[in-house]
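>>> Pasted the sequence and its predicted model underneath.
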Amino acid sequence: MTIKLKKKKKVKRGFRIFENRREAIAGLFIIIGLLFLIVTFILWGMSKLVEEHFILSEMLGAYSSASLSLCFGLTFIGMIVGTRNWLAKIVCLLAAGVLIVTGYSFMETSTLLYKDKAAFENKQFEKLVAIPIGVEYDDPDTGTQFIMELEFSDLTIDVYNLNISRNYYAANLSGKPLEIAYLPNSHFGVSVKEYHEEAGK
């Protein structure tokens, strides 16, 4: 009887070691994710300190967003490893996939901004005159709403950095042809104003 009990204890101990290893791996992913959260705040702070250098500031901002996406992506991967519920695994896998793709998108944006460095310094902007077919706003919990993107038939221009408020756009620019200067690779807007035909000639 004593021998059987000892055998059972050995099996249980082995099972616990497996459980701890799985939880340790999950914890490792979450810790790395938290490190990326710290990096996010550092990069965001640096982007605010160099706001007068447009390209560098926007690049750091894009890296900050990529780091935040990786933070949550790695956290969800840790949850995939740590949970035994298959439905939870699938949901976490989908969330991690979306966040990692989003992070890659922000990294790509930073690369495109770097390619636009010379164009920005030499004021070699692309120009567009058209009426937007769509406008995307940010969604703050409180305060002013700002335009994030202006959509055209074959082009989307990021104008978030120009701080165009929803109220200003509605009162002065909505439904009118706009003259927009933007960077050729990243499609970041440099200026947005109402187009006057006489001035454009």
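Cool, the structure landed. It should be emphasised that the depicted structure is a prediction, and the values quoted were computed from it without experimental measurement.

>>> so the most centrally placed residue in the chain, which of the three states?
Geometric centre of the chain, nearest residue: Ser65, 4.1 Å, by C-alpha atoms, centre = their mean. Look at Ser65: counting by DSSP: H, G, I helix; E, B strand; the rest coil, its state is helix.

>>> which non-adjacent residue is nearest it?
Phe106 (4.4 Å; C-beta to C-beta, 6 or more residues apart in numbering). For every residue, glycine as well, the C-beta is placed using N, CA and C.

>>> Okay, strands next: where are they in the protein?
Along the chain, counting by DSSP state E, strands occupy 126-130, 134-137, 147-152, 155-158, 178-182, 189-194.

>>> Adding mean neighbour count, mean pLDDT and distance to Val101, write these out as JSON lines.
Listed next are these as JSON lines, based on neighbours: other C-beta atoms under 10 Å; pLDDT from 0 to 100; distance: least, C-beta to C-beta, whole Å:
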{"stretch": "strand 126-130", "mean neighbour count": "14", "mean pLDDT": "94", "distance to Val101": "27"}
{"stretch": "strand 134-137", "mean neighbour count": "14", "mean pLDDT": "93", "distance to Val101": "19"}
{"stretch": "strand 147-152", "mean neighbour count": "19", "mean pLDDT": "94", "distance to Val101": "18"}
{"stretch": "strand 155-158", "mean neighbour count": "18", "mean pLDDT": "94", "distance to Val101": "18"}
{"stretch": "strand 178-182", "mean neighbour count": "20", "mean pLDDT": "95", "distance to Val101": "24"}
{"stretch": "strand 189-194", "mean neighbour count": "17", "mean pLDDT": "93", "distance to Val101": "24"}
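
>>> Now tabulate the ones you listed in a markdown table and tack on distance to Lys115.
Formatted as a markdown table, those follow (distance: least, C-beta to C-beta, whole Å):
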| stretch | distance to Lys115 |
| --- | --- |
| strand 126-130 | 13 |
| strand 134-137 | 24 |
| strand 147-152 | 20 |
| strand 155-158 | 15 |
| strand 178-182 | 14 |
| strand 189-194 | 15 |
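
>>> and of the ones you listed, who's closest to Leu113?
Closest approach to Leu113 among the strands of the chain (C-beta to C-beta): strand 155-158, 10.2 Å.

>>> What helices and strands are in contact with that closest one?
strand 147-152 (3 or more C-beta pairs under 8 Å, 6 or more residues apart in numbering; DSSP states H and E).
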